[in-house]
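K.L.:
give the three-dimensional model of this entry:
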Amino acid sequence: MGPRKPEVEYISLRKLQLQKQTGPTERTKEAYKCLERLANNALNNGPFSVTFDKKQPHMAPTGDARDFLSYAPYWWPENPQDPNTRYIRKDGKRNPDIGNVKDQFQLESVAENLQFLCLGYYFFNNENYAIYAVSLLDTFFVNEKTRMNPNLNYAQFVRGSQNHSPFGRGEGVISSRVLSRIVNLLPLLDAFHGYYALRQYIHSWFDAYLNWLQSSPVALEAAAARNNIHTWYIVQLASIEQFLNPVSPQVSNVLFRFFKESLPKQMDPKTGNQPYESKRTKPLHYLAFNLQAIVILAELARDTGLDVYRSNEPILLATYIANKYGPDENQDITEAVRCIEIISNAIQGQNEVCRCFIDKAYHCKFSEKLGGPKNAIHVLWS
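P.N.:
Coordinates of the predicted model:
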């Protein structure tokens, strides 16, 4: 079975600063060891680029290898023997040949390794981590030959003769949700002299991507969605705005509108159910997936002075999942535990349902999925 790969989560730089001042304790010493191991391993990974190992027919319609491409995962050929076949959607059933395109793997890999390197540099003051982080950033975002173009015009592209659009879909914004992980931690490199020359180019890339998010027809499809696609769109919008303009009121405005206007449309105010997610063929996955994005926004909001945990909505969302899926011994609840854990920490463990769900997840027959060094380091900011 093996450990589960952690989903993106918001890391408070304020909490990191407090942890660094405190130093290793009995509670955190293992996390420090795991982080150092992960950062050392990251020195041997990469570089990464969406241009690597890319060739026709698995390229964007532009023919530019720098254009991010991914295939819509639930679409299958009606007649695999016919090159001009229609593709049909089978919700919850992933077409394995989406793996022919490696762009999302490249993006997720650079984000993950940058996380370990930035955190490693911050906690251990090891410039080797920062030097390699800058090298990875240069290859993926700056170098003219290997940089990713700052858009997702061809993400979650639907193949088949029935598709007459040359572009991808709004759903494709979830392919780039790890960008929020990158911008979250890039400020940790600001103290490194070797980052100075690159910093303006990184900001220019994210500024162009933010403009794409706010203006392109593909991205605006995601903005208009009502389910997890919309929530992950807002995650990127808010986190990138925070990175580029940390004192701008725009971040607070985006977050306030989401919790005031968007979230109430996503959930049943009496039960905490998320109807757009629970109707899917894998309801727990999508309930947790949307809640993970909501929690990122809630944590970012706290750092901007907006405490959304004072309302009952995040707690209600968590307890719905806990009550519905916690009692089932054969249900793998591990993918939902981290977001519920963050909510529980935010309310200081005052919800018994959440506490019981967390305890069960760490002791259920699927609990080994919560092991491994990648799942151990979150105590450094929790």
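K.L.:
rest of the way, CA atoms for contacts and neighbours
P.N.:
OK.
K.L.:
quick check: domain ranges of this protein?
P.N.:
The chain breaks down into these domains under the TED database: 1-27+266-381, 45-224.
K.L.:
tell me the buried residues in stretch 272-281?
P.N.:
Neighbour counts over stretch 272-281 (16 or more other C-alpha atoms under 10 Å) mark 272-274, 276-277 as buried.
K.L.:
circling back: redo the domains of the chain as a markdown table? Include distance to residue 36 and mean pLDDT.
P.N.:
Converted to a markdown table, the domains of the chain look like this (distance: least, C-alpha to C-alpha, whole Å; pLDDT from 0 to 100):
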| stretch | distance to residue 36 | mean pLDDT |
| --- | --- | --- |
| domain 1-27+266-381 | 10 | 95 |
| domain 45-224 | 6 | 95 |
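K.L.:
would a markdown table of those with distance to residue 251 be doable?
P.N.:
A markdown table is the format used below for those (distance: least, C-alpha to C-alpha, whole Å):
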| stretch | distance to residue 251 |
| --- | --- |
| domain 1-27+266-381 | 8 |
| domain 45-224 | 13 |
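K.L.:
need the CA coordinates for the helix or strand containing residue 263. CSV is fine.
P.N.:
Applying DSSP states H and E as the criterion places residue 263 in helix 263-266. Once non-C-alpha atoms are left out, helix 263-266 reads as follows in CSV (Å, rounded to 0.1, in the frame of the first residue of the first chain):
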residue,chain,number,x,y,z
LEU,A,263,-19.1,28.4,-0.2
PRO,A,264,-22.8,28.7,0.8
LYS,A,265,-23.7,27.5,-2.8
GLN,A,266,-21.5,24.5,-2.5
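K.L.:
packing partners for that helix?
P.N.:
Packed against helix 263-266, as judged by 3 or more C-alpha pairs under 8 Å, 6 or more residues apart in numbering; DSSP states H and E, are no other helices or strands.
K.L.:
distance of the nearest residue to residue 93 once chain neighbours are set aside relative to residue 87?
P.N.:
Distances taken as C-alpha to C-alpha, 6 or more residues apart in numbering put residue 74 closest to residue 93, at 5.6 Å, once the chain neighbours are dropped. Per C-alpha to C-alpha, to the nearest Å, residue 74 is found 10 Å from residue 87.
K.L.:
same question for residue 195.
P.N.:
Separation of residue 195 from residue 87 (C-alpha to C-alpha): 46 Å.
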